[in-house]
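Engineer: Generate a structure from the sequence data that follows.
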Amino acid sequence: MNLRRLIFLLAGILFHLVIYSQEIKLTASKKALNEVLLNIRDNYNVDFSFNDSELSKYLVNVSKTFANIDLALEYLLKDLPFEYQKTSGVYVIFPKMAEMVEKPRPKVYRISGRIMEAKTNEVLPFSNILVNSKGIISDYNGNFLFSTTDDSVFRIQISHLGYLVKDTIFYRAHKNISIFLTPSEQQLEEIEIREQLIEDFSSTENEPATLKLNH
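Structural biologist: Numbering: from 1, shown residues only. Have a look, this model is predicted:
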């Protein structure tokens, strides 16, 4: 009994060695991959397992002799979305696992700074800031921060009550810049105040008129 098992074991090993070591000659011109594998199965006694309809979508052009079946399969599946694995003497062909490709993170461009008065260097809190048509407001200390992934060019318009509007362009990201606003020098129109005499004449019937002067 043990001898019989040993004979079967040796025969199986010899069979697989013969299959593995035998040359595989392939000749195909615009032939579907599934048909090429079926020809290998019929001519070289190699067992395959694969999705017939999926492999039929790929055409093969080959005229080459390979030292063994593994080299032949590696050549046929090269640059195709398939791989193979030998399981219990059967070559199983299956789709490649999707590789986890990390998407490149978009580059972030930032600009930050402080809004200040040009004459006194005092900070201007809660200034209205327009950066590339997007509105923000400086904080209590006049600081602001703007981030974007769209462009590294920043067009900034700043307005504050009592100051001239500042319109400027920065062609790259900046950090901790100081932007100064100039007070608007608006002259008030001169108003002339004159003393006016108001005359109030009042009288009643059969009484003399009385003159009152208001100063």
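Engineer: what about this structure, any weak spots by pLDDT?
Structural biologist: 1-21, 98-102, 186-215 (pLDDT under 70).
Engineer: Find the centremost residue of it, please.
Structural biologist: For the chain, the residue nearest the mean C-alpha position is residue 106 (4.7 Å; Cα atoms, centre = their mean).
Engineer: which residues does that residue contact?
Structural biologist: Residue 106 makes contact with residue 149, according to Cβ atoms under 8 Å, 6 or more residues apart in numbering. In short, each C-beta sits where N, CA and C put it, glycine included.
Engineer: Against residue 94, how distant is it?
Structural biologist: Distance, residue 106 to residue 94, using Cβ to Cβ, to the nearest Å: 35 Å.
Engineer: just residue 131 next, same as before
Structural biologist: From residue 131 to residue 94 the distance is 52 Å (Cβ to Cβ).
Engineer: These two: which has the busier surroundings?
Structural biologist: residue 131 (19 against 13; other Cβ atoms under 10 Å).
Engineer: in the sheet, who's paired with the residue lying closest to residue 50 once chain neighbours are set aside?
Structural biologist: Leaving aside its sequence neighbours, residue 50 sits nearest to residue 93 (Cβ to Cβ, 6 or more residues apart in numbering; 3.9 Å). Beta-bridge partners recorded for residue 93 (DSSP bridges): residue 84.
Engineer: correct me, but residue 93 touches residue 77?
Structural biologist: Yes - between residue 93 and residue 77 there is a contact at 7.2 Å, judged by Cβ atoms under 8 Å.
Engineer: who's more crowded, the two?
Structural biologist: Taking other Cβ under 10 Å, residue 93 and residue 77 do not tie; residue 93 has more neighbours (21 against 17).
Engineer: and the residue nearest to the centre of the chain, that's in a strand?
Structural biologist: No - under DSSP: H, G, I helix; E, B strand; the rest coil, residue 106 sits outside any strand and is assigned coil.
Engineer: check contacts around residue 109.
Structural biologist: By Cβ under 8 Å, 6+ apart, the neighbours of residue 109 are 147, 148, 149, 150, 151, 152, 154, 173.
Engineer: Dump these into JSON lines; add distance to residue 59 and neighbour count as well.
Structural biologist: Putting those into JSON lines (distance: Cβ to Cβ, whole Å; neighbours: other Cβ atoms under 10 Å) gives the following:
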{"residue": "147", "distance to residue 59": "50", "neighbour count": "11"}
{"residue": "148", "distance to residue 59": "48", "neighbour count": "18"}
{"residue": "149", "distance to residue 59": "43", "neighbour count": "10"}
{"residue": "150", "distance to residue 59": "44", "neighbour count": "9"}
{"residue": "151", "distance to residue 59": "46", "neighbour count": "9"}
{"residue": "152", "distance to residue 59": "47", "neighbour count": "14"}
{"residue": "154", "distance to residue 59": "54", "neighbour count": "19"}
{"residue": "173", "distance to residue 59": "51", "neighbour count": "17"}
